[in-house]
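**Student:** sequence and predicted structure below; questions after.
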2 protein chains.
Amino acid sequence: MNPEETKPQKKSFKVQMLAARESAIIESVNRLLADKGFDAMTVDEVAAEVGIAKASLYKHFPSKEELACAAMVMAMQRAQAFIAQVPAEQAPLDKLKAVTRWTMTLKLQGQMPSLPSQNSSLRATLMGSKAYMDGLMEVSDALGGWIEQAQAQGSVNPSLPAVAVLYTLFARACDPVLEFLKMGEQHSDEQILDMVMSTCFDGLNAR
Amino acid sequence: MNPEETKPQKKSFKVQMLAARESAIIESVNRLLADKGFDAMTVDEVAAEVGIAKASLYKHFPSKEELACAAMVMAMQRAQAFIAQVPAEQAPLDKLKAVTRWTMTLKLQGQMPSLPSQNSSLRATLMGSKAYMDGLMEVSDALGGWIEQAQAQGSVNPSLPAVAVLYTLFARACDPVLEFLKMGEQHSDEQILDMVMSTCFDGLNAR
DNA sequence: GTCTATACTACGATAGAC
DNA sequence: GTCTATCGTAGTATAGAC
């Protein structure tokens, strides 16, 4: 093997290892963020779960905020991937329902990182992250387009501002009703999903 | 004045002062809890806002958790007071709507204390507080009764478990959609309330 | 019951050897 | 890039004088 082949391979291997470790870190952060939220999550916990020293974590990410931000970016990328995979031939309303159900499934499985609804240091970091904001915008644009189509064809209430519909769907990803019903242990995950989907799209009123 | 008259009056005055101070404390806690949440709220801030020393706070309440708990109990009592005042002749659905709209109004005005949705030390304290649990149960019973009546007469979807309806209404008190729409500054508080009431009871689908 | 001053702890972040 | 050890700070809670 000549150097021209060996060196790139070695470098690629190193980079791959680094990426693997970082994605393992992000995976742990994601779980902890879903479990306890940003404030309650400690950097020590993350380090312990990944199995490395805390100082090593800080070689990968400069702060706790950046750590959480990376997890949020990954979650956003997953959402983009799911959205891209929704069959184009489906009706706009069905596309919206598919995405909403998917996000709630993640939440029920404890894989949806939950950021604090209140203002915090994390908010600032997220707003300043190009990767996060780009992902958020792309997701918003995709859903916003479907919402407008659905309203145009009369399957979603056209008298609601599209942005209100968008926020309402986003909010399902952190809906406390999901965990409350799960805690009750009276219903399966599928039943819980069906109920919350029903209240979301059909409302509480009888039809 | 003989001692039999003077002493009770003095004591009553003292007690009244104490109660006034404590209610001032609780009021501050309520605001801070609504603004930043339990974790981000510091005891120093509470003391500073009330205008007394931190150590004095701890003479009134034994811990930060008890402080927040007292605020939650007061919020629950307010809810009970509102519920008791709802006209009995109204239809069950209208009663539910009135309470829901009232809670969301409080939230929009920054007067609804928000506890962490995740598990925390506060949860344990609340669960162990008889005053809080009694209030919660009374509110739940009142709303639960109205929900069953509304379902019986077909104004609320009878195929939903009553408890799912109850949780869905409770969740409106901490709905992030309210603040998101408020941040957008495109709509008045009344318009925001109308929109969220619509999505809650009528759903997103067109009718 | 109010204050000032302080003890104690948890946690984010860093230094420095390897 | 990994570790051990440590710093600095923020924040809950308490001691003790008045």
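**Tutor:** Yep, that arrived. Numbers count the residues shown, from 1 in each chain, chains lettered A, B, ... in the order given.
**Student:** and chain A, which residues reach DNA strand C?
**Tutor:** Contact residues, chain A versus DNA strand C (Cβ under 7 Å from any atom of the strand): A:41-44, A:54-55, A:58, A:62-65. Where you see a C-beta, it was placed from the backbone N, CA and C, and this is true even at glycine.
**Student:** reformat the residues you listed as CSV; add distance to B:Q90 and secondary structure.
**Tutor:** Compiled in CSV, these are given as follows (distance: Cβ to Cβ, whole Å; DSSP: H, G, I helix; E, B strand; the rest coil):
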residue, distance to B:Q90, secondary structure
A:M41, 45, coil
A:T42, 49, coil
A:V43, 53, helix
A:D44, 54, helix
A:K54, 58, helix
A:A55, 63, helix
A:Y58, 59, helix
A:P62, 57, coil
A:S63, 53, coil
A:K64, 50, helix
A:E65, 48, helix
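**Student:** list buried residues within these.
**Tutor:** A:41, A:64-65 (16 or more other Cβ atoms under 10 Å in any protein chain shown).
**Student:** let me see the contact set for the closest residue to A:V165 other than its chain neighbours.
**Tutor:** Excluding the flanking residues, the one nearest A:V165 by Cβ to Cβ, 6 or more residues apart in numbering or on different chains is A:I147, at 5.0 Å. By Cβ atoms under 8 Å, 6 or more residues apart in numbering or on different chains, the residues touching A:I147 are A:92, A:96, A:156, A:162, A:165-166.
**Student:** go with 7 Å
**Tutor:** Going by Cβ atoms under 7 Å, 6 or more residues apart in numbering or on different chains, A:I147 touches A:96, A:156, A:162, A:165-166.
**Student:** in chain A, which residue sits nearest chain B?
**Tutor:** Going by Cβ to the nearest Cβ, chain B is nearest to A:G203 of chain A, at 3.1 Å.
**Student:** I'd assumed that residue was in a strand, is it?
**Tutor:** No. Per DSSP: H, G, I helix; E, B strand; the rest coil, A:G203 lies outside any strand segment and is coil.
**Student:** neighbours around it, how many?
**Tutor:** Residues near A:G203, counting by other Cβ atoms under 10 Å in any protein chain shown, number 22.
**Student:** name the nearest residue to it, ignoring sequence neighbours.
**Tutor:** B:G203 (3.1 Å).
**Student:** residues in contact with that neighbour?
**Tutor:** Applying Cβ under 7 Å, 6+ apart to B:G203 gives the contacts A:200-203.
**Student:** got those residues as a markdown table, with pLDDT columns?
**Tutor:** Shown next, in a markdown table, are these (pLDDT from 0 to 100):
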| residue | pLDDT |
| --- | --- |
| A:C200 | 98 |
| A:F201 | 98 |
| A:D202 | 98 |
| A:G203 | 98 |
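**Student:** nearest to DNA strand C among those?
**Tutor:** Comparing the contacts of B:G203 against DNA strand C with Cβ to the nearest atom of the strand places A:C200 closest, at 33.9 Å.
**Student:** now the closest one. Its backbone dihedrals?
**Tutor:** phi -70, psi -50 (degrees, to the nearest 10).
**Student:** could you check how far it is from B:M183?
**Tutor:** For A:C200, the distance to B:M183 equals 22 Å [Cβ to Cβ, to the nearest Å].
**Student:** neighbour-wise, which of these two wins?
**Tutor:** The neighbour comparison of A:C200 against B:M183 (other Cβ under 10 Å) goes to A:C200, with 25 against 8.
**Student:** the more buried one touches A:A173, doesn't it?
**Tutor:** No. Under the criterion of Cβ atoms under 7 Å, A:C200 is not in contact with A:A173, lying 11.7 Å apart.
**Student:** so which elements touch the helix or strand where A:A48 lies?
**Tutor:** For A:A48, the host element (DSSP states H and E) is helix A:43-50. Other elements packing on helix A:43-50 under the criterion 3 or more Cβ pairs under 7 Å, 6 or more residues apart in numbering or on different chains; DSSP states H and E are helix A:3-40, helix A:54-60.
**Student:** so which elements touch the longest one?
**Tutor:** Spelled out, that is helix A:3-40. When contacts are defined as 3+ Cβ pairs under 7 Å, 6+ apart, helix A:3-40 sits against helix A:43-50, helix A:54-60, helix A:64-85.
**Student:** could I get those in a markdown table, plus columns for mean pLDDT and distance to B:L143?
**Tutor:** Below are these laid out as a markdown table (pLDDT from 0 to 100; distance: least, Cβ to Cβ, whole Å):
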| stretch | mean pLDDT | distance to B:L143 |
| --- | --- | --- |
| helix A:43-50 | 98 | 38 |
| helix A:54-60 | 97 | 46 |
| helix A:64-85 | 98 | 34 |
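**Student:** do you know the pLDDT at A:S155?
**Tutor:** Each residue has a pLDDT score; the one for A:S155 is 97.
**Student:** secondary structure class for the residue nearest to it when sequence neighbours are not counted?
**Tutor:** Excluding the flanking residues, the one nearest A:S155 by Cβ to Cβ, 6+ apart is A:L93, at 4.1 Å. Under three-state DSSP, A:L93 falls in the helix class.
**Student:** what's around A:L93, how many residues?
**Tutor:** Neighbourhood size, A:L93 [other Cβ under 10 Å]: 21.
**Student:** wait, it touches A:N157, no?
**Tutor:** No. Assessed by Cβ under 7 Å, A:L93 is found out of contact with A:N157, at 11.0 Å.
**Student:** and chain A, which of its residues are near chain B?
**Tutor:** Chain A comes close to chain B at residues A:36-37, A:39-40, A:116-118, A:120, A:154-158, A:160, A:163-165, A:167-168, A:171, A:174-177, A:180-181, A:184, A:195, A:198-206, as judged by Cβ under 7 Å from any Cβ of the partner chain.
**Student:** now which of those would you call buried?
**Tutor:** Burial by neighbour count, 16+ other Cβ under 10 Å: within the residues of chain A next to chain B this picks out A:36-37, A:39-40, A:116-118, A:120, A:155-157, A:160, A:163-165, A:167-168, A:171, A:174-177, A:180-181, A:195, A:198-206.
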